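In: Show me how the following folds:
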Amino acid sequence: MASSTLKIALDPVKSRTDCREWSLPSEAVGPIGALVRKLDGYAVLRDEDRKALAGLASYVRSVGRYTVLVEQECAADHALIVCSGFACRYKRRISGRRLILAYLIPGDHCDRGALYGYPLDHTIETLTPGQIAKVPRGHYLDMLEGHPRIALAFQRAKLAEEATAREWMTNIGMRLGPERMAHLLCELLERHGSIGQVTNDQFDLPLTQADLADALGLTSVHVNRVLQALRRDGLIALRGRRLRILAPRRLSELGEFEARYL
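Out: Predicted coordinates for the structure are as follows:
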């Protein structure tokens, strides 16, 4: 995989770039591979940790597009892990209008139900077909107790998730449409790169313009215009569901993107 040209901050344990160069053991190849790569970037995992994570593959199931995984005000009795495809967190008004609070890509997780049993204040739903692991509370808690490095990696991943939420708030509140889109695309390039899903600054982006609009606080029409402008300026190329960042440095400067929060 060609590494991204965007700036990557150093993790207190090791560089998140390091895990991109490592070959994963056979136990981690498969639907849990993205999770192992991600967590390995937040804490140095041992073989027994990777084997424990690989065991989660038995809970992986295929799901369709727009499948509600956890409804708002519901308390899940399991941890959710995205293994493939896109999911999201969102709030919806009575009018039906949706605001996407976060994109969940392979390797991302939600364990609030497994840890606390509290009802969510938002809905988690898939945006594309994919694979989701629903890990029962008992198994999840046993894994964290028996593998402190995994628990540490999950904790650090949550800190990055909180920082990402603040970046999204800043993006919507302080940037213009092209700047918002540039920042989001740079973030997605960085996040996909950390799990080995970027080649020559290209990655899959199977989202609709409505999905992008609801994450950026724009209309679908505005999103279309912004994407066309970025194409004309030679910053991106979008063919079907494949996005290529043609000028990563220029795009990051436009969006004022710094990857340290990830």
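In: quick one: the strands in the protein?
Out: Remark: strands assigned in the chain by DSSP state E are 60-63, 68-70, 78-84, 87-92, 98-104, 109-110, 123-126, 130-136, 202-204, 236-239, 242-245.
In: can you put those in TSV and add mean neighbour count, mean pLDDT and distance to Glu145?
Out: (Glycine included, C-beta is placed from N, CA and C.) As requested, the strands of the chain are exported to TSV (neighbours: other CB atoms under 10 Å; pLDDT from 0 to 100; distance: least, CB to CB, whole Å):
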stretch	mean neighbour count	mean pLDDT	distance to Glu145
strand 60-63	16	97	22
strand 68-70	18	95	24
strand 78-84	23	96	14
strand 87-92	19	96	27
strand 98-104	19	97	25
strand 109-110	22	95	17
strand 123-126	22	97	25
strand 130-136	20	97	14
strand 202-204	19	97	35
strand 236-239	14	94	45
strand 242-245	19	97	40
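In: I'd like the ones you listed written out as CSV, with distance to Arg180 added.
Out: Compiled in CSV, the strands of the chain are given as follows (distance: least, CB to CB, whole Å):
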stretch, distance to Arg180
strand 60-63, 29
strand 68-70, 26
strand 78-84, 23
strand 87-92, 16
strand 98-104, 13
strand 109-110, 25
strand 123-126, 22
strand 130-136, 25
strand 202-204, 19
strand 236-239, 14
strand 242-245, 16
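In: For Leu212, which of those strands is the nearest?
Out: When the strands of the chain are ranked by proximity to Leu212, the top entry is strand 98-104, at 8.8 Å, counting by CB to CB.
In: residues contacting Pro119?
Out: Residues in contact with Pro119 (CB atoms under 8 Å, 6 or more residues apart in numbering) are 72-75.
In: For the longest helix along the chain, which residues meet the burial criterion?
Out: Secondary structure assigned by DSSP state H gives helix 148-174 as the longest helix of the chain. Of the residues in helix 148-174, 149-154, 156-157, 160-161, 164, 167-168, 171 count as buried by neighbour count, 16 or more other CB atoms under 10 Å.
In: Stretch 252-260 too?
Out: 252, 254-255, 257, 259.
In: Now the two most distant members of those residues.
Out: Across the buried residues of stretch 252-260, the longest distance by CB to CB is 15.0 Å; it joins Leu254 and Ala259.
In: got the domain boundaries for this protein?
Out: 18-163, 175-261 (automatic domain parsing).
In: which of those has the lowest average pLDDT?
Out: When the domains of the chain are compared by mean pLDDT, domain 18-163 comes last with a mean of 90.
In: Pipe the buried residues of stretch 252-260 into a markdown table and attach distance to Gly107 per row.
Out: Converted to a markdown table, the buried residues of stretch 252-260 look like this (distance: CB to CB, whole Å):
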| residue | distance to Gly107 |
| --- | --- |
| Ser252 | 22 |
| Leu254 | 27 |
| Gly255 | 23 |
| Phe257 | 20 |
| Ala259 | 16 |
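In: so which of the residues you listed comes closest to Lys51?
Out: Out of the buried residues of stretch 252-260, the member with the shortest distance to Lys51 (by CB to CB) is Ala259, at 30.2 Å.
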